[in-house]
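Engineer: Sharing a model that was predicted from the sequence below.
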Amino acid sequence: MRFSAQVENLKILEEALHSGCDDVRFGSEFCEWKMPNLHVLRKAYNLTNDSGKGFSYITPRVTDTGIKKIREHLGFLKEKGEIKVIINDLGVLNVLRRYTRLKPHLGRQLVYTPARCPWPGIDRKIAVISPLSVLAWKLIRKQAEDLYSQTSLNYDRTIKFFQEYGIQGVDVDWISRCFEHYSFLIKNGLNLSVHLHLVPVTITRKCHTARFLGETNLENCSKPCYRRAFLLKPSELGIELLLSGNVVFRFTNPSKSDVKKLAQNIAEFVISMNSASRIQNSKEVDKLILDLKNGKSY
């Protein structure tokens with residue numbers, strides 16, 4: 001198995017390069033305003049290349065302004081060989097078709113959305129029973145829960161659509177109830193990259209962190225999310241939620257049994273290095289990698 005460190009700025013990149021990770025993902029997965037400029041991207045690529053680690057570029061959902069910036073970045077990267085570009089925007093995926101040397105990889109925001117309606121997958125014979133028995137309702141609920149634990153790629157038409165764009169790998173989350181459905185993606189020729197710890201719960205165009213901290217100009221935001229995340233504890237849910245930038249995450253711990261279950265079939269484990277994951281230096285990355293290789297929980 002391979003381990004990638006996902007980083008958003010040069011300071012954390014330097015820590016990742018001193019760790020035992022195999023590859024580095026550089027860029028912003030969720031926030032357009034945290035996308036690097038060309039000078040920073042060039043420096044990040046050169047530092048990573050000099051270290052001997054693999055380099056991937058990750059992009060968020062973007063506006064037309066953001067796409068112009070990404071075009072500039074892709075123009076630079078196309079000269080560097082077959083670099084993986086993680087895509088979370090259909091417009092960017094369309095633009096990438098012109099850069100045949102670059103390898104498109106589907107990000108989490110496109111793996112889970114646009115979501116398909118689950119009802120066509122539910123037995124219609126059960127759905128027309130009137131009045132519905134308790135047993136019938138339980139069966140419908142079980143089928144609905146099963147469908148909602150799938151990705152948008154657990155549907156033949158969607159997976160074929162993305163494969164026509166050259167997609168060979170996709171990002172997924174560490175959600176135990178989804179594991180059984182990942183085998184469908186693997187059987188259909190997709191390489192899976194599993195994100196550890198941080199599962200996106202909700203994403204907004206506007207940045208809640210900036211709003212809370214009085215950042216009024218997003219173009220010149222001081223990016224406080226590099227330094228801190230907010231812990232949310234809604235008692236009615238009983239789970240730990242973290243606000244970081246424009247994303248609310250649920251924090252999950254990879255269990256020993258899950259590690260053993262997934263390790264044989266997963267191409268890549270992704271370690272987010274940021275204030276929300278609480279992994280921000282090379283020692284913490286190395287400890288996590290060692291624990292996972294030994295089949296331990298973390």
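Structural biologist: Structure received. Residues are numbered from 1 along each chain as shown.
Engineer: Low-confidence stretches in the stretch 51-200 of the chain?
Structural biologist: 113-134, 137 (pLDDT under 70).
Engineer: for it, what spans make up the helices?
Structural biologist: 64-77, 90-96, 108-112, 124-127, 134-148, 156-163, 179-187 (DSSP state H, counting those that start in this stretch).
Engineer: List the buried residues for the longest one?
Structural biologist: Right, helix 134-148. For helix 134-148, the neighbour count (16 or more other CB atoms under 10 Å) marks A136, L139, I140, Q143, L147 as buried. To be clear about C-beta, it is placed using only N, CA and C from the backbone, and glycine gets the same treatment.
Engineer: mind listing what H73 touches?
Structural biologist: P36, L38, L41, Y57 (CB atoms under 8 Å, 6 or more residues apart in numbering).
Engineer: Can you give me the separation between the last one and V285?
Structural biologist: This means Y57. To V285, Y57 is 20 Å away according to CB to CB, to the nearest Å.
Engineer: Of these two, give the one with the bigger neighbour count.
Structural biologist: Using other CB atoms under 10 Å, the more surrounded residue of Y57 and V285 is Y57, with 25 against 21.
Engineer: In which helix or strand does the nearest residue to A16 once chain neighbours are set aside reside?
Structural biologist: Excluding the flanking residues, the one nearest A16 by CB to CB, 6 or more residues apart in numbering is A5, at 3.8 Å. Using DSSP states H and E, A5 falls within strand 2-7.
Engineer: Could I get the CA-only coordinates of that strand as CSV?
Structural biologist: The C-alpha coordinates for strand 2-7 follow below in CSV (Å, rounded to 0.1, in the frame of the first residue of the first chain):
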residue,chain,number,x,y,z
ARG,A,2,1.1,3.6,-0.6
PHE,A,3,0.7,6.6,1.7
SER,A,4,0.1,10.1,0.5
ALA,A,5,0.3,13.3,2.5
GLN,A,6,-2.3,15.9,1.5
VAL,A,7,-1.0,19.4,2.2
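Engineer: can you pull the contacts of the closest residue in space to N188 that isn't next to it in sequence?
Structural biologist: Leaving out its chain neighbours, the residue that sits closest to N188 by CB to CB, 6+ apart is I159, at 5.5 Å. By CB under 8 Å, 6+ apart, I159 lies in contact with L153, L185, N188, L190.
Engineer: now these: which count as buried?
Structural biologist: Counted by 16+ other CB under 10 Å, these give L153, L185, L190 as buried.
Engineer: can you pull the contacts of E32?
Structural biologist: Neighbours of E32 in contact, by CB under 8 Å, 6+ apart: P60, R61, V62, T63, T65, G66.
Engineer: of the contacts of I159, closest to P104?
Structural biologist: L190 (12.0 Å; CB to CB).
Engineer: how near is the closest one to A144?
Structural biologist: L190 is 25 Å from A144, by CB to CB.
Engineer: winner for burial among the helices of the stretch 51-200 of the chain?
Structural biologist: With neighbours defined as mean count of other CB atoms under 10 Å, these peak in mean count at helix 108-112, which reaches a mean of 20.
Engineer: neighbouring contacts of it?
Structural biologist: Against helix 108-112 from outside (CB under 8 Å, 6+ apart): 29-30, 60-61, 87-90, 93, 151-153, 162, 170-173, 195, 200, 203.
Engineer: ChimeraX command to pick out the buried ones of those?
Structural biologist: A single ChimeraX command is used to select the members of the contacts of helix 108-112 judged buried by 16+ other CB under 10 Å:
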select :29,30,60,61,87,88,89,93,151,152,153,162,170,171,172,173,195,200,203
